[in-house]
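A.B. asks: I'll drop the sequence and a predicted model, then ask my questions.
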Amino acid sequence: MNLLRLLQQRFAPVLADYADDPAPFVAMVRPAQDTRFGDFQANCAMPLAKRHGLNPKELAAKIAEKVHVQDLCREIEIAGPGFINLTLRDDLITTEVNKLLQDDRLGVEAANPPRKIVIDFSSPNVAKPMHVGHLRSSVIGDSLCRTLRFLGHEVTSDNHIGDWGTQFGMIIYGYKNFLDKDAYGRHPVAELARLYRLVNRLSDFIDARSGLPEKRRELETKERELAAAPVPPKNSKDPADKDAEKALKRLRSEIDGLKDEIGSLSKKIERVESNAEELALANAHPAIAKAAREETAKLHAGDATNLALWNEFMPACLAALQGVYDRLGIKFDLTLGESWFNPMLPGVVDELLTNGMAVESDGAICVFIPGFKAPFIIRKADGAYTYATTDLATIRYRVSELKADTILYVVDTRQGDHFELLFETVKKWGIAKVDLRHVNFGTVMGKDRRPYKTRDGDTVGLESLLDEAVIEARAIIDANEAQKSDKGEEALDDAARQEVSEIIGIGGIKYADLHHARESDYVFDWEKMLAKEGDTATYIQYAYARTKGILRRNQIDPQTLLDQGARIVLSHAAERSLALQLLKFPEALDSVCTDYRPNQLTQYVFETANSFSTFYDNCPIKGEADEALRHSRCLLAELTSRVLKQALSLLGIQTVERM
Ligand code: ARG
């Protein structure tokens, strides 16, 4: 049962007397902010009173009188300027929490009707090593898949890999010119990654070397301009001075921007100049960037050699990706990459030309959408199809073949413009009614608040990140075990410690990612991530292990207790709040789905672990003389354990029985 939804349903007919569309007011029935005043609160009286020119307190009283909740609430109270505070009946909580003990779905009803949802996530560009940036899409997307599926929706997870892009031109060029055959034989993907990085470095170097003098001149000009500009008096109200102040500010920020750019170009130059071998390669391949682009063009045109190479590279690349997914516990129903849609691209362009949506502009085929500065380019002047064309073909496929009614794109915020144009184009195209959502997310930052990089300025590889997480977790487990053996408790052997470390390390990374509001950038911080106290996976995994410990130490089998007729009773405020918290699991899942936010679920598990901890501190089990109460508390621990495990599993996080 979803208590919040039930209360909202009770308010709906009453609020309908005051608004044609009561939905937004019904949504103001919410969990209480401050539980001292009740379990739920309804804040709808104030805005409704304003609308009708009524006294909010009187209206609140009238609503409270009319709403039928006597069977659910023991108290309905008006407070402050017109808040309606609701306190549930203890017998209701007791009945419902005992029902949960018998319910595999922990009170979560199946969605009716279920939707057909495609979730496009992870979607890395292959043949480049996966990096920390791919973590967010993979982890958020996986959690949404698990949650929506648990709610009964028909979910297809689709890894829209970039397997047809310009990186292949670079790798093919590298393969043809710089291949280390032995290395390739030993570890093909590592060698391809090396080639990719090498070609990238060389062409960046050549571009930087030719572009740097111009940037330096620009900087000099701007600096001269700044030196010559008159400085207006401080805090002047004169509009002319204000404009001058603005212009100065702009100039300074342009100068900062140029300095940054020059710094990054210089780094690209130094990187190669400091390596005699690479410098010789760069000088021997001055047109490397153009040549790599030509290799891509040849691949796309069906050149036999390049196509054969592509076919040779792909299986190894896919296997490497699979290794990461296995470790993360992520499964895809489909992996339809860009190459798969390639044959459909000419058809898409033709169709949009025929229906008049696309037009030629400077040789390129574009869709212009009113209100957008840039057009959506679906074929470039050189005939190449684009990321945009592929996404259009992909949507058509998902709608017509997979019958999707909803498509979620779990992709970096920085691709926001692309998705806005894409969605508008699809709306105009009118291929079907489909709900398209860009489930965007921010950047993973280093402690310097810049995108997280290694010391050499490379992006951080995902595999090494996972390895490090496990090493960090192992140190924590070892320290913990050392403490334990001091207290004479049973120790974990080496194999068990390693298994626990993998679960804690990877769980820690995932949770740290999921518990931030997805749009925000966050700072990657091992210490915070694996802390035993606070909003971390480790804390929650400990709480889970503790629930298991209670049952183990008391030698209790929950099923036997239930068969003997034991039930949960509420004798203490901490038991009541834990029971109510457990009953809120369906609400938490609802709020994840409202706007596709897994952090709503991490918040719920954190609150549940906190509520359990208060219960654990206040409600003794072993020392409790009353057997019925002892059993009741064991059952509450059992239920907490099941809810935590289920919730964590929807986040893609595993649990261990002992740690
Ligand atoms: N491969 C793209 C990248 O790495 C992400 C693809 C996202 N999905 C999509 N249908 N556009 O930036």
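C.D. replies: Looks like it came in fine.

A.B. asks: got the contact list for whichever residue of the stretch 351-500 of the chain sits closest to the ligand?
C.D. replies: Residue of the stretch 351-500 of the chain nearest the ligand, by Cβ to the nearest ligand atom: residue 411 (4.6 Å). All C-beta atoms are positioned from the backbone trio N, CA, C, and that covers glycine. Residue 411 makes contact with 120, 121, 123, 137, 419, 438, 439, 440, 441, according to Cβ atoms under 8 Å, 6 or more residues apart in numbering.

A.B. asks: The closest residue to the fifth one other than its chain neighbours: what secondary structure?
C.D. replies: The one in question is residue 419. Nearest residue to residue 419, sequence neighbours excluded (Cβ to Cβ, 6 or more residues apart in numbering): residue 438, at 4.0 Å. For residue 438, the assignment made with DSSP: H, G, I helix; E, B strand; the rest coil gives strand.

A.B. asks: quick one: average pLDDT of the helix or strand hosting residue 294?
C.D. replies: Per DSSP states H and E, residue 294 falls inside helix 288-300. For helix 288-300, the mean per-residue pLDDT is 94.

A.B. asks: which residues of the chain score low on pLDDT?
C.D. replies: Within the chain, the stretches with pLDDT under 70 are 454-457, 485-489.

A.B. asks: Tell me the residues of it that contact the ligand?
C.D. replies: Contact residues (Cβ under 6 Å from any ligand atom) of the chain with the ligand: 120, 123, 124, 125, 160, 162, 391, 394, 409, 411.

A.B. asks: phi, psi of the third one?
C.D. replies: Same thing as residue 124. phi -80, psi 160 (degrees, to the nearest 10).

A.B. asks: close enough to count as contact, it and residue 136?
C.D. replies: No - using Cβ atoms under 8 Å, residue 124 is not in contact with residue 136; the gap is 11.7 Å.

A.B. asks: Show me what secondary structure element comes after the helix of greatest length in the chain.
C.D. replies: Secondary structure assigned by DSSP state H gives helix 188-228 as the longest helix of the chain. Counting by DSSP H and E, the next helix or strand C-terminal to helix 188-228 is helix 239-273.

A.B. asks: In the protein, what residue spans correspond to strands?
C.D. replies: Ranges of strands within the chain are 29-31, 40-42, 73-79, 83-88, 116-120, 154-158, 358-361, 364-367, 376-379, 406-412, 435-441, 444-445, 522-523, based on DSSP state E.

A.B. asks: In its sheet, which strands sit next to the fourth one, and in what direction?
C.D. replies: Strand 83-88 sits in its sheet next to strand 40-42 (antiparallel), strand 73-79 (antiparallel), going by DSSP bridges.

A.B. asks: Give me the distance from it to the chain's centre.
C.D. replies: 34 Å (Cα atoms, centre = their mean, to the nearest Å).

A.B. asks: do the second one as well
C.D. replies: Here the centre of mass of C-alpha atoms in strand 40-42, compared against the chain's by Cα atoms, centre = their mean, lies 30 Å away.

A.B. asks: What residues of that strand count as buried?
C.D. replies: 40, 41, 42 (16 or more other Cβ atoms under 10 Å).

A.B. asks: For it, which outside residues touch it?
C.D. replies: If you take Cβ under 8 Å, 6+ apart as the criterion, strand 40-42 is touched by 3-4, 7, 11, 28-33, 63, 83-86, 88.

A.B. asks: And for the fourth one?
C.D. replies: With contacts defined as Cβ under 8 Å, 6+ apart, strand 83-88 is touched by 3, 7, 32, 37-45, 60, 63-64, 69, 72-79, 580.

A.B. asks: Of these, which count as buried by neighbour count?
C.D. replies: Using 16+ other Cβ under 10 Å, the buried ones in the contacts of strand 83-88 are 3, 7, 38-45, 60, 63-64, 69, 72-73, 76, 78, 580.

A.B. asks: contacting residues for the residue nearest the centre of the chain?
C.D. replies: With distances taken as Cα atoms, centre = their mean, the residue of the chain nearest its centroid is residue 140 (3.1 Å). Contacts here follow Cβ under 8 Å, 6+ apart; on that basis residue 140 touches 121, 410, 439, 441, 513, 514, 518, 598.

A.B. asks: In contact with the residue of the stretch 1-150 of the chain found nearest the ligand, which residues?
C.D. replies: Relative to the ligand, the nearest point of the stretch 1-150 of the chain is residue 123 (3.7 Å; Cβ to the nearest ligand atom). Residue 123 makes contact with 137, 159, 160, 161, 162, 411 under the criterion Cβ under 8 Å, 6+ apart.

A.B. asks: OK, contacts around residue 408?
C.D. replies: Neighbouring residues of residue 408 by Cβ under 8 Å, 6+ apart: 117, 118, 119, 120, 121, 141, 144, 437, 439, 596.

A.B. asks: so can I have JSON lines of the residues you listed showing neighbour count and distance to residue 311?
C.D. replies: Converted to JSON lines, the contacts of residue 408 look like this (neighbours: other Cβ atoms under 10 Å; distance: Cβ to Cβ, whole Å):
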{"residue": "117", "neighbour count": "22", "distance to residue 311": "32"}
{"residue": "118", "neighbour count": "27", "distance to residue 311": "27"}
{"residue": "119", "neighbour count": "28", "distance to residue 311": "28"}
{"residue": "120", "neighbour count": "24", "distance to residue 311": "25"}
{"residue": "121", "neighbour count": "27", "distance to residue 311": "26"}
{"residue": "141", "neighbour count": "29", "distance to residue 311": "28"}
{"residue": "144", "neighbour count": "24", "distance to residue 311": "33"}
{"residue": "437", "neighbour count": "16", "distance to residue 311": "35"}
{"residue": "439", "neighbour count": "22", "distance to residue 311": "33"}
{"residue": "596", "neighbour count": "21", "distance to residue 311": "36"}
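
A.B. asks: in the sheet, who's paired with the residue of the stretch 351-500 of the chain closest to the ligand?
C.D. replies: Note on residue 411: beta-bridge partners by DSSP bridges are residue 440.

A.B. asks: can you offset everything so residue one is 497?
C.D. replies: Okay, using 497 as the starting number, the last item reads as residue 907.

A.B. asks: Quick check, residue 961 in contact with residue 1005.
C.D. replies: Yes - between residue 961 and residue 1005 there is a contact at 7.1 Å, judged by Cβ under 8 Å.

A.B. asks: Comparing the two, which shows the higher neighbour count?
C.D. replies: In this view residue 961 and residue 1005 are compared by other Cβ atoms under 10 Å, and residue 1005 has more residues nearby, 28 against 19.

A.B. asks: That one and residue 958 touch, don't they?
C.D. replies: No - the criterion here is Cβ under 8 Å, and residue 1005 misses it with residue 958 at 9.7 Å.
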